[in-house]
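Trainee: sequence first, predicted model second:
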Amino acid sequence: MKRKIEIAVALLLATTFGLPSCEDWTDVDNLSVEYENVEQQNPELYSRYLASLREYRKTDHTLVYAWYDNSVKVPVSRAHYLRDVPDSIDVVGLIHPDSLTQSEIEQMNYLREQKGMKIVYTIDFDGMKTDYTNIVEPADPDRDFRSYLTDTLSYTLSLLKKYPYEVSGGQKQRAAVARAIITRPSLLLADEPTGALDSRSSDELLRLFGELNRGGQTIVMVTHSVRAASTAGRVLFIKDGEVFHQLYRGGRTEEQFYQEISGTLTLLATGGMEQ
């Protein structure tokens, strides 16, 4: 028995001495494992698959529609890549077609050209009907919904044929206003909303703001336009970062309020008004 214990101890010591010391250990290295996707594994077979897929799209079959939320512009998973939608989908509807990145445009082209998918844009008809009933019809009773719908869709579809960098400043500004008011917030902040608009579009937007305000919506607008300011009920003048003076419209007309605002700005510019 004693002999067996001695042998066991000797073996344990020999094993221990055979292990490297801590000083011989190296730092842990990062290991990057990359797997080839199906396209990389067999490019020829994948090319034949895409050709068959495009032919299938042309056949008479049940179409599969899917909406795609492209609001995430910095992908953090495969779900945020448009090109990774399932191949069983025939038509993809983008929820935010007015804010496409270059990467999204390239992925759209890939789906159209390589997989034969159709990319469409979501249009909210119920929202248009609500806007017509609450805003357009009260302001213009002679305009029917059909003409409003036709004009709105024509304008929207004309924008969808362009990439963001091809859209004018005024078109971008109108799209931004539409996104801001569509959810009907109780407080609307507008920073130079008429800055990139022509006179006709500016008048339409200011009339819309007036309708929204009379409907109970508060609008805070920052502007250098006396014309835009004259449509408000209250005007605050800011000088050196502080509220310097204010005017209330009261019962005055827009023209009368315009003249008073202009006169106040002249006094402020010439130093003829003290706080």
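Mentor: Arrived safely. Residues are numbered from 1 along each chain as shown.
Trainee: now do the helices in the stretch 101-250 of the chain.
Mentor: Per DSSP state H, counting those that start in this stretch, the stretch 101-250 of the chain carries helices over the ranges 102-115, 125-131, 137-139, 145-160, 169-181, 199-214, 226-229.
Trainee: those into JSON lines, with extra columns for distance to P43?
Mentor: C-betas here are computed from N, CA, C, even on glycine. Shown next, in JSON lines, are the helices of the stretch 101-250 of the chain (distance: least, C-beta to C-beta, whole Å):
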{"stretch": "helix 102-115", "distance to P43": "13"}
{"stretch": "helix 125-131", "distance to P43": "44"}
{"stretch": "helix 137-139", "distance to P43": "58"}
{"stretch": "helix 145-160", "distance to P43": "34"}
{"stretch": "helix 169-181", "distance to P43": "41"}
{"stretch": "helix 199-214", "distance to P43": "51"}
{"stretch": "helix 226-229", "distance to P43": "59"}
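Trainee: out of these, which comes closest to A51?
Mentor: Evaluated over the helices of the stretch 101-250 of the chain, closeness to A51 peaks at helix 102-115, with 9.6 Å, by C-beta to C-beta.
Trainee: to G263, which of the helices of the stretch 101-250 of the chain lies closest?
Mentor: Nearest of the helices of the stretch 101-250 of the chain (C-beta to C-beta): helix 226-229, 10.2 Å.
Trainee: tell me which residues in the closest one are buried?
Mentor: By neighbour count on 16 or more other C-beta atoms under 10 Å, the buried set for helix 226-229 is V226, A228, A229.
Trainee: what about the closest residue in space to the second one that isn't next to it in sequence, neighbour count?
Mentor: Just to be clear, that refers to A228. The shortest distance from A228 to any non-neighbouring residue, by C-beta to C-beta, 6 or more residues apart in numbering, is to T194 (5.3 Å). T194 has 24 neighbours, counted by other C-beta atoms under 10 Å.
Trainee: ok, T194 touching L205?
Mentor: Yes - with contact defined as C-beta atoms under 8 Å, T194 reaches L205; the gap is 6.1 Å.
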